[in-house]
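>>> I need the structure of the sequence given here:
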Amino acid sequence: MAGDIKSKEQAIGKRAAQMAENYVHSILKRKLKIHNQGDANNIPILEATRVTAKMGTHRLLGLNFTSSKVGFMLHYGAAGVREGGNVYLRASRYQKGETLRKPHQVNLPQFQLFDDIYKKSGALDYLLDALGETRTDDVMAKISNLVLQINTEDK
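Residues are numbered from 1 along each chain as shown. As a prediction, this is how the structure comes out:
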């Protein structure tokens, strides 16, 4: 019985995680203007941003959200000083092969990419309904086992 409940909750968690991950990827593509996944500059943030189901011994414990450092910098924004250094210029239109960049202030605005992803993707409502049904079935099975044990002890 416990294996049956665990497999059901594992499937529920996997589906909810996929719903949330698809939503986050659509947000990233829309806000960062990623039109195709073949662009080598944008693939790392899409590959690094994942939602997975975290399973306990018999139950779904929750959903884990992971992203790269760049993803969280885009979400929360960043402000600081970009260090100077040599910048190498590869295009043939430049006379010099490199130039010196001076230290300067950088202010990256917040994009709020990951706000309420579980609610907006529909994963939270799905989890409430599906886990409620699964765990209710588990409680009913335990109660029926107790009733059977009491009935067999009385005879």
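>>> just want the most central residue of this structure.
Geometric centre of the chain, nearest residue: residue 51, 2.9 Å, by CA atoms, centre = their mean.
>>> burial measure for residue 89, as a count.
Residue 89 has 13 neighbours, counted by other CB atoms under 10 Å. In this view, the C-beta of every residue, glycine as well, is placed from N, C-alpha and C.
>>> where does it fall, phi/psi-wise?
phi -100, psi 120 (degrees, to the nearest 10).
>>> which residues touch it?
When contacts are counted by CB atoms under 8 Å, 6 or more residues apart in numbering, residue 89 is found next to 96, 97, 98, 99.
>>> can you count the residues close to the second one?
If I follow you right, that is residue 97. Counted with other CB under 10 Å, the neighbours of residue 97 add up to 9.
>>> how far does the lengthiest helix in the chain sit from the chain's center?
Criterion DSSP state H: the longest helix present in the chain is helix 123-154. The chain centroid and the centroid of helix 123-154 are separated by 30 Å under CA atoms, centre = their mean, to the nearest Å.
>>> how about stretch 121-136?
18 Å.
>>> what stretches of this protein score poorly on pLDDT?
For the chain, applying pLDDT under 70 flags the ranges 1-3, 35-43, 154-155.
>>> do a quick rundown of the strands in it.
Here the chain has its strands, by DSSP state E, at 50-55, 60-66, 78-82, 85-88, 98-101, 104-108.
>>> quick check: angle from the second one to helix 123-154?
It refers to strand 60-66. Angle of strand 60-66 versus helix 123-154, following axes from the mean of the first three to the mean of the last three CA atoms, to 10 degrees, is 160 degrees.
>>> is it true that residue 61 touches residue 55?
Yes - when contacts are counted by CB atoms under 8 Å, residue 61 is listed as touching residue 55 (6.6 Å).
>>> wait, what's in contact with the residue nearest to the centre of the chain?
Neighbours of residue 51 in contact, by CB under 8 Å, 6+ apart: 17, 18, 20, 21, 24, 63, 64, 65, 66, 117.
>>> name the member of the residues you listed with the most neighbours.
Neighbour-wise, the contacts of residue 51 (other CB under 10 Å) top out at residue 20, 26 neighbours.
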